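S.K.: got a predicted model here, sequence first, then my questions.
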Amino acid sequence: MREIVVLSGKGGAGKTSLSAAFAHLAEDAVVCDLDVDAPDLHILLDPKAEQTREFVSGNEALIDQTLCTACGQCLDICHFGAIKDDNGQMIIDPTRCEGCKSCVVLCPVQAIEFPEKHCGEWWISDTRFGPMVHARLFPGEENSGKLVTLLKNQARDLAEQRHAELIIADGAPGIGCPVISSLARADLAVLVTEPTPSGLHDLQRVAKLCLHFRITCGVVINKYDLSTEYEDRIEAYCREHGITVFGRLPHDPIFTQAMVQRKAVTEMVGQEADNTIGQDIRRIFERIVQFHKPQTATSSV
């Protein structure tokens with residue numbers, strides 16, 4: 001079983017569009033959306049949930065008003081400003097509570113409970129391209145890295161059960177905790193970028209992250225015709241650091257048309273993409289799947 005994670009240092013580079021296309025082209029794969037803070041792969045794949053589970057992580061302080069004497073000690077103890085005096089009643093702002101438990105331990109009448117926190121939901125679903133594991137954190141909730149790890153484990157279990165040979169994971173943009181968690185045990189990171197100053201800058205950051213964790217990575221240059229100068233600079237950067245460029249895709253409105261129709265670009269049969277972009281993506285995907293030679297990070301970025 002191999003796990004391919006599609007990443008980009010910035011949003012809007014085409015990462016999710018390519019993930020959906022790869023899911024379409026793969027014949028035996030489990031699809032996983034690891035962008036738990038702002039998932040959008042489900043918009044294209046239209047999954048039908050077969051299992052829905054709560055994601056519970058961390059704890060949250062809750063005041064039992066029947067026990068609270070409004071002494072105000074918790075108000076003085078809290079360093080995060082999460083407790084307020086509302087006309088003589090102590091209340092907790094859940095958006096500010098960090099779950100440190102200080103108020104719970106030091107409350108003189110044990111009026112503060114500390115239940116586990118329901119932070120989001122995750123699903124195992126069926127799509128027209130096969131099984132999909134995905135999730136969504138509630139707004140403002142934390143522990144995205146933990147949820148990503150949960151999804152990856154579920155995807156691996158599902159792949160083993162179904163004897164799937166490939167996991168295709170759509171990672172989060174950036175280089176934060178969910179991206180780091182996405183890279184754990186991955187066999188290959190496909191980095192989608194575009195030839196712009198921010199595209200090059202963010203590619204360098206996520207490539208450095210991959211090399212730091214010794215994860216083999218390769219690059220797809222999307223909208224390569226936006227700037228010849230920056231396309232050349234991206235290719236030079238990849239050559240310098242031994243990173244394979246899997247392919248280039250031109251800027252094409254077919255990507256937007258596919259999103260509007262909730263399709264993968266490669267599903268746009270009979271349209272322009274069927275002869276150009278669709279074939280380009282197919283060649284890139286075939287090259288990625290056949291990319292078995294591991295790369296060792298020996299150069300500094």
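M.R.: Cool, the structure landed. Keep in mind the model is a prediction, meaning the values are calculated, not measured. Numbers count the residues shown, from 1 in each chain.
S.K.: ok, Arg53 - how many residues close by?
M.R.: Around Arg53 there are 13 other residues, counting by other C-beta atoms under 10 Å. The way it works is simple: take the backbone N, C-alpha and C, and place the C-beta from them, glycine included.
S.K.: for the helix or strand containing it, name the packing helices and strands.
M.R.: Here Arg53, judged by DSSP states H and E, is contained in strand 48-59. Counting contacts by 3 or more C-beta pairs under 8 Å, 6 or more residues apart in numbering; DSSP states H and E, strand 48-59 packs against strand 116-127, helix 144-161.
S.K.: mind listing what's buried along the first one?
M.R.: For strand 116-127, the neighbour count (16 or more other C-beta atoms under 10 Å) marks 117, 119-125, 127 as buried.
S.K.: can you verify my assumption that Glu113 contacts Ala61?
M.R.: Yes - between Glu113 and Ala61 there is a contact under C-beta atoms under 8 Å: 7.4 Å.
S.K.: between the two, what contacts are shared?
M.R.: Taking C-beta atoms under 8 Å, 6 or more residues apart in numbering as the contact rule, Glu113 and Ala61 both touch Val104.
S.K.: between the two, which one's more packed in?
M.R.: The residue with more neighbours, out of Glu113 and Ala61, is Ala61; 23 against 14, by other C-beta under 10 Å.
S.K.: can you check the pLDDT for Met270?
M.R.: Slight slip there: residue 270 is Gly, not Met. pLDDT recorded at Gly270 is 68.
S.K.: for Gln261, the count of nearby residues, please.
M.R.: 12.
S.K.: Gly12 versus that one, what's the distance?
M.R.: Distance, Gln261 to Gly12, using C-beta to C-beta, to the nearest Å: 19 Å.
S.K.: circling back to that earlier point, for the strand holding Arg53, output the C-alpha coordinates as PDB.
M.R.: Written as PDB, here are the backbone C-alpha positions of strand 48-59 (Å, rounded to 0.1, in the frame of the first residue of the first chain):
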ATOM      1  CA  LYS A  48     -22.600   9.500   0.700                       C
ATOM      2  CA  ALA A  49     -21.800   8.900   4.400                       C
ATOM      3  CA  GLU A  50     -21.800   5.300   5.500                       C
ATOM      4  CA  GLN A  51     -20.500   6.000   9.000                       C
ATOM      5  CA  THR A  52     -20.600   9.300  11.000                       C
ATOM      6  CA  ARG A  53     -18.500   9.700  14.100                       C
ATOM      7  CA  GLU A  54     -18.000  12.500  16.600                       C
ATOM      8  CA  PHE A  55     -14.400  13.800  17.000                       C
ATOM      9  CA  VAL A  56     -13.900  14.400  20.700                       C
ATOM     10  CA  SER A  57     -10.600  15.900  21.800                       C
ATOM     11  CA  GLY A  58      -9.400  18.000  24.800                       C
ATOM     12  CA  ASN A  59     -11.700  19.300  27.600                       C
END
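S.K.: sheet partners, orientation included, of that strand?
M.R.: strand 116-127 (antiparallel) (DSSP bridges).
S.K.: what distance do you get for Glu240 to Glu3?
M.R.: Taking C-beta to C-beta as the measure, Glu240 falls 27 Å from Glu3.
S.K.: Ala135 too?
M.R.: Taking C-beta to C-beta as the measure, Ala135 falls 17 Å from Glu3.
S.K.: also Gly99?
M.R.: Distance from Gly99 to Glu3, counting by C-beta to C-beta: 32 Å.
S.K.: likewise for Val206?
M.R.: Counting by C-beta to C-beta, the gap from Val206 to Glu3 is 17 Å.
S.K.: nearest to Cys210 among the buried residues of strand 116-127?
M.R.: Here the nearest of the buried residues of strand 116-127 to Cys210, counting by C-beta to C-beta, is Trp122; it sits at 25.3 Å.
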